[in-house]
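Enquirer: any chance you could fold what I've pasted below:
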Amino acid sequence: MDGPKTDVAWADAAPLTDEPRLAFVGDELRYAQGANQHDVELDGFINYHWLISPEALALPKIMLEAGINAPAEVVGPDHSRRALIAIRSSPWKAGHETNPWHDEFDLDHGHVRYFGDHKPSTVGLPGETKGNRLLLDAARLHGGTTREERLLAPPLFLFRAVTVHRGGRAVMKGYVEFCGAAIIERLEHVVQRDPQTGRSFPNLSLDLAVVSGGKIDGVDFRWIDDRRNPMLTAAETLRHAPESWNRWVKQGRIAIPGIRRRVLASAVRSSKDQVPAGGSTEATTLQTLYQFYDGRKHAFELLASRVAAEVFRESGARYREGWLSRSSGDGGVDFIGRIDMGSLKASTPVVVLGQAKCIQPTSSVSPEQVARVVARLRRGWIGVYVTTGSFSRQAQVEIIDDQYPVVLIAGGTLVATVQRMVQANYGGDIEALLASTVDEYESAVTHRRPEEVISL
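Expert: Residues are numbered from 1 along each chain as shown. Next up is the predicted model:
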């Protein structure tokens, strides 16, 4: 195998001005494969090629033709490194052969779940594709326990295809949204199911932490210029990096909660943002759930319990399901669970009280209904509320303002979680999942005090 290769002889590159080249999360960029690297704007949008590799540097373009893209490695004075990995997600392709998975972007809370480039037709193990090899190599450095390893870790620059409107018509191709720079928090091997053929295939799943851009919430792309400069050491390339990235390089994983991007204003979501878009496959599935449980809403409690467990586990929590409470006199509690906080050798159990509400997807849960769960919480306990609808603005405001420890799972999260459960455990057959909640409901119900879950 050939050794690492630099992009270009840096001495031949013309000097750039010291002006920052900033991009902000949410910026829409013009991505045209054959565009030049000189013009700052194209068709009224920032020119992606100027932003990421301006002409003055005389460096090759960093293309976004694949989902996972990267320039050649650079041989620096101290070690070889890869400047970055550019990730492109195409939501409009999700469910097709070229992209049978659904990436999840929650930029307001600094989290992205991204799936690798193994496809149903790919032969071999997940790590044998070019993109997945890049991610596996990067994950090793992102999980590094020393500053030296983290210095070499390539930032993941996230982009997703967007539809823009030009001349009164929608244009689906040739534009991307900048979604920030990210750190790999977790990588795991998963089995996915192709929705077209029903065929299972292995792949990689990554949880990415989108880092804060600081006071301006932007990323200076001169950082990438430096990372592509073979004359600079890895430490010297940090001069234009976000402060959050510098902090992570210094401290490692413990820094991630403090540097993750958060948009406080987005904590209250509209009803439209909590449920699937009308006419979508997800909206149809949500309506199927509502119609199935309308008239047998007691069984929805078991589905809600399972969905809550899945949501907690996806966040990395060690969650254990307990039981369902009896339908009469539950006092605002439909199911009980437990989260074990800490490590296996040093942990403490936390009681989880759950409420389930099967309502029309167009309906919302009121503050009074959420308050029933809050009233049952003791110190150190947390609540979770699962519904097929949405949560009213006032219900969300009261939870946030009063800092109640209640997780709100609305229809959109519910249906996305159900779809993953169906693919992973029921061979894509949603009817099998729904039937199991009816068949197993009685055996899941018991009359016990919530705190007894601690002794399970």
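
Enquirer: give me every residue that touches the spatially closest residue to Phe45 that is not a sequence neighbour.
Expert: Ranked by CB to CB, 6 or more residues apart in numbering and with sequence neighbours excluded, the top spatial neighbour of Phe45 is Arg30, at 3.9 Å. For glycine as for every other residue, the C-beta is placed from the backbone atoms N, C-alpha and C. Arg30 is in contact with 41-43, 45-48, 174-175, counting by CB atoms under 8 Å, 6 or more residues apart in numbering.

Enquirer: all helices for the stretch 51-200 of the chain, in order.
Expert: 130-142, 147-152 (DSSP state H, counting those that start in this stretch).

Enquirer: Glu149 is in contact with Leu141, correct?
Expert: Yes: with contact defined as CB atoms under 8 Å, Leu141 reaches Glu149; the gap is 5.4 Å.

Enquirer: any idea how many residues pack against Gly226?
Expert: Heads up, residue 226 is Asp, not Gly. 19 (other CB atoms under 10 Å).

Enquirer: what distance do you get for it to Arg147?
Expert: Relative to Arg147, Asp226 is positioned 17 Å away (CB to CB, to the nearest Å).

Enquirer: look up how far Leu42 lies from the spatially most central residue of the chain.
Expert: Taking CA atoms, centre = their mean, the centroid of the chain lies closest to Val112, which sits 2.1 Å from it. From Val112 across to Leu42, the span is 27 Å (CB to CB).

Enquirer: picking up where we left off before, of the helices of the stretch 51-200 of the chain, which is nearest Val373?
Expert: Checking the helices of the stretch 51-200 of the chain against Val373 by CB to CB gives helix 130-142 as the closest, at 37.2 Å.

Enquirer: mean confidence for the closest one?
Expert: The pLDDT scores in helix 130-142 average 97.

Enquirer: what's the answer for stretch 107-117, then?
Expert: What stretch 107-117 shows for mean pLDDT is 92.

Enquirer: what sits up against that stretch?
Expert: 25-26, 66-68, 87, 89, 101-106, 126, 129-132, 135, 158, 179-180, 182, 190, 192, 203-212, 260-263, 266.

Enquirer: among those, which lie within strands?
Expert: Members of the contacts of stretch 107-117 lying in strands (criterion: DSSP state E): 68, 87, 89, 104-106, 158, 179-180, 182, 190, 192, 203-210.

Enquirer: drop anything exposed from the residues you listed.
Expert: Neighbour-count burial (16 or more other CB atoms under 10 Å) is assigned, among the ones in strands among the contacts of stretch 107-117, to 68, 87, 89, 104-105, 158, 179-180, 182, 190, 192, 203-210.

Enquirer: A strand includes Thr348, no?
Expert: Yes: with DSSP: H, G, I helix; E, B strand; the rest coil as the criterion, Thr348 is part of a strand.

Enquirer: surely it and Gly342 touch.
Expert: Yes: at 6.1 Å, Thr348 and Gly342 qualify as touching, with contact defined as CB under 8 Å.

Enquirer: which residues does Arg205 bridge with?
Expert: Check again: residue 205 is Ser, not Arg. Beta-bridge partners of Ser205, counted by DSSP bridges, are Phe115, Glu188.

Enquirer: who's in contact with it?
Expert: 113-116, 187-190.

Enquirer: just the buried members of those?
Expert: Buried by 16+ other CB under 10 Å: 113-116, 187, 190, out of the contacts of Ser205.

Enquirer: longest helix anywhere in the chain?
Expert: With DSSP state H setting the assignment, residue counts place helix 297-314 as the longest helix in the chain.

Enquirer: ok, then the element right after that one?
Expert: Per DSSP states H and E, the first helix or strand lying C-terminal to helix 297-314 is strand 318-324.

Enquirer: check which residues of that next one are buried.
Expert: Buried, per 16+ other CB under 10 Å, within strand 318-324: 319-324.

Enquirer: which strands and helices sit next to it?
Expert: With contacts defined as 3 or more CB pairs under 8 Å, 6 or more residues apart in numbering; DSSP states H and E, strand 318-324 has these neighbours: helix 297-314, strand 335-342, helix 441-444.

Enquirer: what about the nearest residue to Asp78 once chain neighbours are set aside, how many residues nearby?
Expert: Sequence neighbours aside, Thr233 is the residue nearest to Asp78 in space, at 4.7 Å (criterion: CB to CB, 6+ apart). Using other CB under 10 Å, Thr233 has 14 other residues around it.

Enquirer: for Thr233, helix, strand, or coil?
Expert: Here Thr233 is recorded as coil under three-state DSSP.

Enquirer: ok now stretch 268-281, how far from the chain's centre?
Expert: 18 Å (CA atoms, centre = their mean, to the nearest Å).
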